[in-house]
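Trainee: Here is a sequence together with a model predicted from it:
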Amino acid sequence: MRAQKIAKLHKHGIFTRALKAIIKVFKTKPKIFNQNETLPDQAIFICNHSGAGGPFSLSLFFPKLFVPWGAHPMTEGYISRWKYLYHVFYQQKLKYGKLRSFLISTPFALISKMLYNGMHVIPTFTDLRVRKTFEISKKHLNIGNPVLIFPEDSSDGYHDILKHYNGGFVYLSFDYFKTYQIDLPVYPIYYNQKSNAILIEKPHYLQEDLKKGFRRDQIAEKFKNLANDMHRTLNDLLGI
């Protein structure tokens with residue numbers, strides 16, 4: 001994928017805006033429980049994936065524009081995007097059959113390039129290239145583009161009660177502090193696709209956890225447990 005120009009995000013690309021406008025006609029806006037009066041420009045948001053619903057609904061209705069992390073194959077060529085969608089996302093993660101996966105992957109792999117470009121998706125890697133993910137993220141944060149990360153381990157699919165959070169958001173927070181001495185606010189978010197509702201928690205500051213002696217994996221585990229608590233809180237708020 002050709003490197004995108006990193007600039008302050010005031011709106012998404014024209015294709016993304018047009019597609020979102022069409023989808024909003026047919027999709028019901030989720031009920032949003034926001035525990036914050038405002039959301040800052042320089043922040044990390046973390047959210048469960050909830051199947052395909054989390055990224056989709058947040059991109060449409062979240063009360064703050066953001067730049068998301070996304071699987072790096074989805075920021076590359078058509079074949080790379082199709083293989084990821086067909087083999088990994090739809091079959092491995094969503095448990096779709098081969099025919100259904102093929103019928104969805106083939107057209108979506110075409111339009112996803114413009115969609116991902118319009119949202120300025122940051123490619124994420126699981127090898128040494130993750131440094132590129134951090135460097136792009138820090139550039140966005142420096143100019144006031146919040147970064148949204150889905151830390152849920154979805155290797156065996158998506159779950160309402162989360163099993164594990166990957167620590168990428170912890171590493172980004174620590175790396176940013178190391179470079180700029182700024183302890184970024186981390187906002188936990190929980191999206192419930194079944195009840196179409198979003199809960200946005202108050203911010204947490206990871207340097208406080210570090211001073212208490214928590215390791216990075218323990219901090220990720222703490223936020224995973226918090227997300228599961230938010231799932232229950234959201235059900236209470238909805239009267240479920």
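Mentor: Happy to help now that I have it.
Trainee: Scan this protein for its longest helix.
Mentor: Secondary structure assigned by DSSP state H gives helix 216-238 as the longest helix of the chain.
Trainee: Mind giving me the packing neighbours of that one?
Mentor: Contacts defined by 3 or more CB pairs under 8 Å, 6 or more residues apart in numbering; DSSP states H and E place helix 216-238 against strand 31-34, helix 168-180, strand 185-192, strand 197-200, helix 206-211. In short, each C-beta sits where N, CA and C put it, glycine included.
Trainee: how about the ones you listed in TSV, adding mean pLDDT and mean neighbour count?
Mentor: Below are those laid out as TSV (pLDDT from 0 to 100; neighbours: other CB atoms under 10 Å):
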stretch	mean pLDDT	mean neighbour count
strand 31-34	96	16
helix 168-180	97	19
strand 185-192	96	23
strand 197-200	96	22
helix 206-211	94	16
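Trainee: which residues sit in contact with the closest residue to Gln218 other than its chain neighbours?
Mentor: Closest residue to Gln218 apart from its sequence neighbours, by CB to CB, 6 or more residues apart in numbering: Asp209 at 7.9 Å. Contacts for Asp209 (CB atoms under 8 Å, 6 or more residues apart in numbering) come out as Gln218, Ile219, Lys222.
Trainee: For this structure, which segments count as helices?
Mentor: Under DSSP H, the chain gives helices at 14-26, 53-61, 78-83, 98-118, 130-142, 168-180, 206-211, 216-238.
Trainee: Can you lay out these as TSV showing distance to Lys5?
Mentor: Converted to TSV, the helices of the chain look like this (distance: least, CB to CB, whole Å):
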stretch	distance to Lys5
helix 14-26	15
helix 53-61	20
helix 78-83	21
helix 98-118	11
helix 130-142	11
helix 168-180	21
helix 206-211	30
helix 216-238	32
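Trainee: For Asn196, find the nearest of these.
Mentor: helix 53-61 (7.6 Å; CB to CB).
Trainee: out of the helices and strands packed on helix 216-238, nearest to Gly51?
Mentor: That would be strand 185-192 among those, by CB to CB, at 9.7 Å.
Trainee: burial measure for Asn117, as a count.
Mentor: Neighbourhood size, Asn117 [other CB atoms under 10 Å]: 17.
Trainee: I meant Ile122, not that one.
Mentor: 26.
Trainee: ditto for Asp127
Mentor: 7.
Trainee: So it versus Asp153, what's the distance?
Mentor: Using CB to CB, to the nearest Å, Asp127 is found at 17 Å from Asp153.
Trainee: same thing with Gly97?
Mentor: 23 Å.
Trainee: Among these two, which residue is more densely surrounded?
Mentor: Neighbours were counted for Gly97 and for Asp153 using other CB under 10 Å; Asp153 has more, 15 against 10.
Trainee: give me phi/psi at that one?
Mentor: Reported as degrees, to the nearest 10, the phi and psi values for Asp153 are phi -80, psi 110.
Trainee: Pull the number of nearby residues for Tyr78.
Mentor: 12.
Trainee: which stretches of the protein have low pLDDT?
Mentor: 1-4 (pLDDT under 70).
Trainee: give me that answer again for 80
Mentor: Across the chain, the ranges flagged by pLDDT under 80 are 1-5, 13, 51-53.
Trainee: The longest helix of the chain: how far from the chain's middle?
Mentor: 16 Å (CA atoms, centre = their mean, to the nearest Å).
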